[in-house]
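Participant: Generate a structure from the sequence data that follows.
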Amino acid sequence: MPEQIIKSEFSDVMQKSYIDYAMSVICQRALPDVRDGLKPVQRRVLYAMQELGLSSDRPHRKSARIVGDTMGKYHPHGDSSIYEALVVMEQEFKKGMPLVDGHGNFGSIEGDGAAAMRYTEAKLQKFTQDVYLADMDKAVVDFKPNFDETEKEPEVLPVRIPNLLVNGAEGIAVGMTTNIPPHNLGEVIDGVTAFMDDPDITTQELMKHIKGPDFPTGGLVTNEKDLLSIYETGQGKLRLRGRVIFEKGKKRSERDKLVITEIPYTMIGAGIGKFISDVVGLIENKKTTDIVDVSNASSKEGIRIVLELKKNADVERLKNLLYKKTRLEDTFGVNMLAISDGKPELLGLKDIIRLHTEFHYEIVRRKYQTLLERILIEKEVKEGLIQACDVIDLIIEILRGSRSMAQAKACLMNGNTEGITFRTQKSKKAAARLSFTERQATAILNMRLYRLIGLEILALQEEYAGILKKIKEYEDILNKPAVMKRVIKKDLAKIKKEYGFERKTTLENASAAVVVEAPVEERDVVFVMDRFGYGKILETSIYDRNQETAEAEYRTIVPCKNTDKLCIFTDTGQMHQLKVLDVPGGRLRDKGTPLDNLANYDSRTEQILTVIPESLLSAGRLLFVTRSAMVKIVDGQEFVVQKKTVAATRLSSGDSLIAVEYLEGKEENSSRTIVIRSEEGYFLRFPLSDITMKKKTAIGMRGMSLREEDKVSHVYLPAGTDDSIVYKEKELYFNKIKLMSRDKKGVKVRR
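Facilitator: Take a look at the predicted model:
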């Protein structure tokens, strides 16, 4: 066949390819199906475990074997993602109902990772077998070819509870995410039962049964009033808190304690270590003086983070401080997105229950349809055997007179007596009237002689009566909706009785944590920073005693109040604000703290030019000079803002700031001058009044006419007639430089 070149717009090909990729990620990787509440990888892992025979009453098998079977047969992706799915389904602190029984290190609530798959072992939980994988042999779900069409895999598992609610879900797809909290199994079953009794039930009425999320870590949901809106829309935010208990010291020498026994669900993993670190930070920054020690005494029995308290500590204020300043109070963003009818859909509580209940009805219908078909076959066979017992002598005569099995079978089915030897013509005529079905004929030919014993014949008739009873039962279930509903409700009640558990999470409406900051006594301090960007706060007494040493060691020295803010201007035109109280204090010889750890700036891409206390800004002006010699003066009031980071000026492409200078007072001062020096040695001195006031969003005006490739290197604001610098090993007085106007080339100072 000759080659055929198809011409197409590149943008069209890219668009189609990206849409195909996005839908593949959404439907085949990241989002769960509303019917079984599982992502494809989870479904495939559980099915592979069942196919390996890893039932709850069998020994554990290496996780590597499970991952290998899943990847080789059903999930053609990386082994790490498959193993991670297996691990998460085992972790009881993440799932409302764990689906896998693990043996070995499957990680911890404190963020420790699971051991490698070659070390751990797993098998199915009994709950998973009974509720997720039961009746797979009864054609209750459709099967589809796997990725290479060498195996069959289920499109969905026959899960009999709304797993999407019980175990929750989280996933990030392309352009969309899902985040569904886990719920209490018993409550969810009660909600499903209520919906089955009244399909027109409202979400508010459903919430009498499903009261709210039930996290495996316990804790508190403190905005119960928002749950109705969340369950109706499928979106919203839960405010979670850990459970804090006050323990009085039992002995006089023993300290009182605050003990965190349950944590917010969002704190699982590294959040526990971060919480302890934050508590230590509160102590170091003197946000509280009530905590003496903090320790993590958590174990397999549960969470126990202990805060030892000073005598007569303000417990309520300390609780509020922990809620406000640490992750002991956190938010959980609910977004109940799932695959419904092959496409992603945002679902409310009632939608999830309705869709799953419809699926559950379909499972039960297919189950009993299969059972009915099987038992009708059994009825047919039993009827044949019973009829055969009535004419057993004739059948024996047919068998003895036949030359082959096929000849005897043809006689039993069609009355074909040709080639068969009979003792009498009467027997031959009787044989010609036989009309057993093929199944009956096969069963008769396979029947053992002991079935002819009288008691066995009686048992055969009893079995037949039992079959008729079952047929009636199955037909009632299939034909009478009320009977099917009763069967499903009975099944759900059994699951609840066997696997239900008490609620762990408390629901309440609590007010937001409020911390009244203790008033800070205002005092004078000195901020110092070295050339490497390390800063600290010095007490004025320390600075005064060591002023000469400090001026020699630190490039930036800013006297300020401890209640003030520091405005940090960088060469990229940004201003970053930092509270003086957030800068650690220290002694003169202490190294200090990198400012980029405290303020929102990156020392790798930004260089600090100047630091100015915010209290000075409203009373003065700021002079900006860039490398390309653009200059402007801006009212300092424009920089009194609440944001931690703002654009201090507008820069042309490729330009950067070289200097930001504070000018005291609001009025113009025609007597002051500015000196701009270029890299090639040109000096321009002109009156400061030549620079007009601009807004911070303006680029400014040209201060100096530069030669090509020349840039501004220094800016000076002489304070008096004797001000000078050492230039090329020679003292240069600024008042000796010719006074010109703005935007001149200046004069070149030679040695």
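Participant: So for residue 616, what's the nearest residue that isn't a sequence neighbour?
Facilitator: Spatially, and ignoring its direct neighbours in sequence, residue 616 is nearest to residue 662 (6.5 Å; CB to CB, 6 or more residues apart in numbering). For every residue, glycine as well, the C-beta is placed using N, CA and C.
Participant: which helices and strands does the top helix by length along the chain pack with?
Facilitator: The longest helix of the chain (DSSP state H) is helix 349-390. Identification of packing neighbours for helix 349-390 by 3 or more CB pairs under 8 Å, 6 or more residues apart in numbering; DSSP states H and E yields helix 163-166, helix 185-197, helix 203-206, helix 227-233, strand 337-340, helix 438-446, helix 454-479, helix 481-499.
Participant: same thing but 6 Å
Facilitator: If you count contacts as 3 or more CB pairs under 6 Å, 6 or more residues apart in numbering; DSSP states H and E, helix 349-390 packs onto helix 203-206, helix 438-446, helix 454-479.
Participant: Buried residues of the second one, list them for me.
Facilitator: Taking 16 or more other CB atoms under 10 Å as the basis for neighbour counts, the residues of helix 438-446 that come out buried are 440-444.
Participant: can you redo the residues you listed as TSV with distance to residue 624?
Facilitator: Shown next, in TSV, are the buried residues of helix 438-446 (distance: CB to CB, whole Å):
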residue	distance to residue 624
440	102
441	103
442	99
443	100
444	106
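Participant: For residue 395, state which of those residues is nearest.
Facilitator: Sorting those by distance to residue 395 puts residue 444 at the head of the list, at 6.4 Å, by CB to CB.
Participant: Neighbours of the closest residue to that closest one other than its chain neighbours, how many?
Facilitator: The shortest distance from residue 444 to any non-neighbouring residue, by CB to CB, 6+ apart, is to residue 388 (4.7 Å). With neighbours defined by other CB atoms under 10 Å, the count for residue 388 comes to 23.
Participant: wait, doesn't residue 388 sit right on residue 445?
Facilitator: No - using CB atoms under 6 Å, residue 388 makes no contact with residue 445, being 9.8 Å away.
Participant: Which one, of the helices and strands packed on helix 349-390, ends up nearest to residue 384?
Facilitator: helix 438-446 (2.6 Å).
Participant: contacts for the closest one?
Facilitator: Applying CB atoms under 6 Å, 6 or more residues apart in numbering, the external contacts of helix 438-446 come out as 380-381, 384-385, 388, 409, 412-413.
Participant: quick one: which of the residues you listed has the most company?
Facilitator: residue 412 (26 neighbours).
Participant: That one belongs to a helix, doesn't it?
Facilitator: Yes - counting by DSSP: H, G, I helix; E, B strand; the rest coil, residue 412 is part of a helix.
Participant: What residues does it make contact with?
Facilitator: By CB under 6 Å, 6+ apart, the contact set of residue 412 is 434, 436, 441.
Participant: cool, residue 534 as well?
Facilitator: Neighbours of residue 534 in contact, by CB under 6 Å, 6+ apart: 591-592, 594.
Participant: before we move on, the earlier item: with distance to residue 586 and mean pLDDT as new columns, can the helices and strands packed on helix 349-390 be given to me in CSV?
Facilitator: Below are the helices and strands packed on helix 349-390 laid out as CSV (distance: least, CB to CB, whole Å; pLDDT from 0 to 100):
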stretch, distance to residue 586, mean pLDDT
helix 203-206, 58, 96
helix 438-446, 93, 88
helix 454-479, 79, 87
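Participant: Settle this for me: residue 141 is touching residue 159, isn't it.
Facilitator: No - the criterion here is CB under 6 Å, and residue 141 misses it with residue 159 at 9.8 Å.
Participant: Show me the beta-bridge partners of the most centrally placed residue in the chain.
Facilitator: Per CA atoms, centre = their mean, the C-alpha nearest to the average position across the chain is that of residue 170, at 5.3 Å. Following DSSP bridges, residue 170 is listed with bridge partners residue 179.
Participant: which residues in the stretch 1-150 of the chain form strands?
Facilitator: 61-62, 100-103, 121-124, 143-145 (DSSP state E, counting those that start in this stretch).
Participant: Most tightly packed of those?
Facilitator: For those, average neighbour numbers computed from mean count of other CB atoms under 10 Å are highest in strand 121-124, which has a mean of 23.
Participant: Doesn't residue 655 belong to a helix?
Facilitator: No - counting by three-state DSSP, residue 655 is not part of a helix but coil.
Participant: quick one: contacts for residue 193?
Facilitator: So residue 193 contacts residue 489 (CB under 6 Å, 6+ apart).
Participant: low-confidence ranges in the stretch 1-150 of the chain?
Facilitator: Applying pLDDT under 70 to the stretch 1-150 of the chain picks out residues 1-2, 18-28.
Participant: Equivalent analysis for the chain, please.
Facilitator: Along the chain, the parts satisfying pLDDT under 70 run over 1-2, 18-28, 449-455, 513-519, 666-670, 751.
Participant: Can you give the domain ranges for it?
Facilitator: The chain resolves into domains spanning 38-158, 243-327, 358-498 when parsed by automatic domain parsing.
Participant: Figure out how far the second one is from the centre of its chain.
Facilitator: Averaging C-alpha positions (CA atoms, centre = their mean, to the nearest Å) puts domain 243-327 26 Å from its chain's average.
Participant: cool, and the last one?
Facilitator: Domain 358-498 has its C-alpha centroid displaced from the chain centroid by 56 Å (CA atoms, centre = their mean).
Participant: I'd like to know how far residue 312 sits from residue 278.
Facilitator: Distance, residue 312 to residue 278, by CB to CB, to the nearest Å: 24 Å.
Participant: So for the two, which sits in the more crowded spot?
Facilitator: residue 278 (16 against 8).
Participant: Pretty sure that one sits against residue 326.
Facilitator: Yes - using CB under 6 Å, residue 278 is in contact with residue 326, at 4.2 Å.
Participant: list the buried ones in stretch 64-83?
Facilitator: 64-67, 69-71, 73-75, 82-83.
Participant: ok, now stretch 208-228?
Facilitator: 209-224, 226-228.
Participant: I would like the residues contacting that stretch, please.
Facilitator: Contacts of stretch 208-228 (CB under 6 Å, 6+ apart): 93, 96, 181, 183-184, 187-188, 190-191, 194, 204, 236, 238-243, 262-265, 503-510.
Participant: got the end-to-end distance for it?
Facilitator: 11 Å (CA to CA, to the nearest Å).
Participant: Check stretch 418-429 too.
Facilitator: Between the opening and closing residues of stretch 418-429 lies a distance of 12 Å (CA to CA).
Participant: Equivalent analysis for stretch 505-512, please.
Facilitator: Taking CA to CA as the measure, stretch 505-512 stretches 18 Å from start to finish.
Participant: Residue 260 and residue 110: what is the separation?
Facilitator: 13 Å.
Participant: Who has more neighbours out of the two?
Facilitator: Counted by other CB under 10 Å, residue 260 and residue 110 do not tie: residue 260 has more neighbours, with 25 against 17.
Participant: which residues does that one form a beta bridge with?
Facilitator: Residue 260 has these beta-bridge partners by DSSP bridges: residue 244, residue 305.
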